[in-house]
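> Could you look at this predicted model? Sequence included:
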Amino acid sequence: MWFQAKVNLGFQQSLMIEQERRNRFVMGIMFTMVFAGAGTLLGSLPFIERIGAMLSAILMAVIYRNVVGYPESLREGIQFSARYLMRFAIILYGFKLNIDLVIHKGGILLFYDVLTIVMGISVTMLLAKLFKADLNLSLLLGIGTGVCGAAAIAAVSPILKANDEDTAIGAGIIALVGTVFALSYTFLMPFLPISSVTYGIWSGVSLHEIAHVAAAAMPAGPDVMAISLLAKLGRVFLLIPLSFLLSMWMKRKEGGKSNQSAPFPWFLVGFIITSLIGTYLEIPENVLKDISSASSFLLGAAMVGLGLNVHLSSLRTRAMRPLLAMIIASIVVSSVSFFALMWLSV
């Protein structure tokens, strides 16, 4: 009887410990979502809306980490948000991509999009080597510059085995620099010697994120915004082949150095499936809008989980040179695409 009572007590204690672990796990996920919600609220305020919800959430997470410290008891749930909510957000992001529209109506725009991606990555990496910057962070920034900002960084970071801090820093930098560029485009628009349609294409092939493209093109009217978003969606579409190329590159790179090859990016298969569903099935516009909001919110929660790993000292010591390389690369992409479009439109 005594032995049986001791066994029962031990079993009950194990159940209590497991229940407590599950509670902390759920609380960790909720912790990131609270920050994402606060970022969403801040991102809707005047002036701050230019910065956006994601950057607001990341900044709050970084401040919390460096003032209060990392909430160790919630680590498991926070890490779940950073890794798995991010993948799920990318899968939902696929609903934004109309593959048929890009392929059949994008036409020449895909050519410009390819050039943007090649320039964004190659110029960033060349400058990073010249400046002796951190190459891993620089590669993330180059991909974010060339493709589609923070979403591209989130998509490729598991493939490149980037650490959480680099992913968060890269997403934050992209969001901030892209916002500055979008504001600059809007200011320059009345003085540029190009048509409004050309301006829309330029915005779509050169700005960092879909939100930045929409912000820059909105003052020029709905037709300009439509062509600018079409140009931008081409770059989102090219994220698919780029990710598979990076996966093959990582496998070849690690083939002789590690017994563990780069993981296959299964979440990109989900991204392709949701893209096909959004393209060929009639989904109500309000449903697509809700899915888009959910994708942005979950990506924000994931970035909070990553932002909690960022040390401010790292921003000073590791991020300044990659940031400089990325800004110059963004200027090159913007300038080359502008003059190419102006020349072709003459």
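Structure received. Numbers count the residues shown, from 1 in each chain.
> quick one: low-confidence ranges for the stretch 201-346 of the chain?
Residue ranges of the stretch 201-346 of the chain with pLDDT under 70: 255-265, 314, 345-346.
> Now do the helices in it.
Along the stretch 201-346 of the chain, counting by DSSP state H, counting those that start in this stretch, helices occupy 210-217, 222-254, 266-280, 285-307, 312-314, 320-345.
> Distance from the third one to the middle of the chain?
Okay, so that is helix 266-280. For helix 266-280, the separation from the chain centroid amounts to 17 Å (computed by Cα atoms, centre = their mean, to the nearest Å).
> what's the most buried one of the helices of the stretch 201-346 of the chain?
Each of the helices of the stretch 201-346 of the chain was scored by mean neighbour count; the highest is helix 210-217, a mean of 25, by mean count of other Cβ atoms under 10 Å. Just so you know, the C-beta spots here come from the backbone N, C-alpha and C atoms, and that holds for glycine as well.
> Among the helices of the stretch 201-346 of the chain, which comes closest to Gly200?
Across the helices of the stretch 201-346 of the chain, Gly200 has its closest neighbour in helix 222-254 (3.8 Å, Cβ to Cβ).
> how about the helices of the stretch 201-346 of the chain in JSON lines, adding distance to Leu45?
Listed next are these as JSON lines, based on distance: least, Cβ to Cβ, whole Å:
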{"stretch": "helix 210-217", "distance to Leu45": "15"}
{"stretch": "helix 222-254", "distance to Leu45": "23"}
{"stretch": "helix 266-280", "distance to Leu45": "30"}
{"stretch": "helix 285-307", "distance to Leu45": "15"}
{"stretch": "helix 312-314", "distance to Leu45": "24"}
{"stretch": "helix 320-345", "distance to Leu45": "26"}
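> Please name whichever of these is nearest to Ser73.
Taking Cβ to Cβ, helix 285-307 is the member of these nearest to Ser73, at 14.6 Å.
> right, and the helices of the stretch 201-346 of the chain - which one's nearest Ser122?
So among the helices of the stretch 201-346 of the chain, helix 320-345 is nearest, using Cβ to Cβ, at 8.5 Å.
> Tell me which helix or strand the nearest residue to Ala294 once chain neighbours are set aside sits in.
Nearest residue to Ala294 in three dimensions, chain neighbours excluded: Leu92, at 6.0 Å (Cβ to Cβ, 6 or more residues apart in numbering). Per DSSP states H and E: Leu92 is located in helix 86-93.
> How about the helix or strand that that helix is followed by, which residues are buried there?
The helix or strand immediately downstream of helix 86-93 is helix 99-101, counting by DSSP H and E. By neighbour count on 16 or more other Cβ atoms under 10 Å, the buried set for helix 99-101 is Ile99.
> Which elements pack onto helix 99-101?
If contacts are counted by 3 or more Cβ pairs under 8 Å, 6 or more residues apart in numbering; DSSP states H and E, helix 99-101 sits against helix 222-254, helix 266-280.
> can those go into a markdown table with extra columns for distance to Ala82?
Below are those laid out as a markdown table (distance: least, Cβ to Cβ, whole Å):
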| stretch | distance to Ala82 |
| --- | --- |
| helix 222-254 | 19 |
| helix 266-280 | 14 |
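> now for these, which one comes closest to Asn66?
Asn66 lies closest to helix 266-280 among those, at 30.3 Å (Cβ to Cβ).
> From one end of stretch 301-318 to the other, what's the distance?
Its start and end residues considered, stretch 301-318 measures 24 Å (Cα to Cα, to the nearest Å).
> Not counting that stretch itself, show me its contacts.
29, 31-33, 35-36, 39, 54, 57-62, 64-66, 70-71, 78-83, 85-86, 89, 134, 137, 150, 154, 163-165, 167-169, 171-172 (Cβ atoms under 8 Å, 6 or more residues apart in numbering).
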